[in-house]
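S.K.: Have a look; sequence and predicted model below, questions after that.
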Amino acid sequence: MKSGGLAHLVHQIFQRTGLPPDEFWAKPRGAQLFMLASTQIVLEEERQREKALDTLRQGR
């Protein structure tokens, strides 16, 4: 996985939602997979947005 792997994604879920890792791991596997995939999508969108802003800043 990108973004530092599974531990990084679980950390992001905790930081963004307040859901502690023990509660994440207690969820059904399908819910875990959804949360991980959703977090990956958000992180990738943020990376793309930051990259676009950097490109704009360099053009000035």
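M.R.: That came in fine, so what should we check first?
S.K.: Residue ranges in this structure under the pLDDT threshold?
M.R.: Within the chain, the stretches with pLDDT under 70 are 1-3, 60.
S.K.: out of all of them, which helix in it is the longest?
M.R.: For the chain, the longest helix by residue count, based on DSSP state H, is helix 29-58.
S.K.: Give me the helices and strands touching that helix, please.
M.R.: The contact analysis (3 or more C-beta pairs under 8 Å, 6 or more residues apart in numbering; DSSP states H and E) places helix 29-58 against helix 6-17, helix 21-26. For the C-beta atoms, the positions are set from N, CA and C on the backbone; glycine is no exception.
S.K.: now do 7 Å
M.R.: helix 6-17 (3 or more C-beta pairs under 7 Å, 6 or more residues apart in numbering; DSSP states H and E).
S.K.: Which residues belonging to the helix it packs on are considered buried?
M.R.: By neighbour count, and taking 16 or more other C-beta atoms under 10 Å as the criterion, the buried residues in helix 6-17 are 9, 10, 12, 13.
S.K.: Dump the residues you listed to TSV, plus distance to residue 45.
M.R.: Output for the buried residues of helix 6-17, formatted as TSV (distance: C-beta to C-beta, whole Å):
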residue	distance to residue 45
9	14
10	19
12	13
13	16
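S.K.: Would you check which pair of those residues lies furthest apart?
M.R.: The most widely separated members of those are 10 and 12, with 7.4 Å between them, by C-beta to C-beta.
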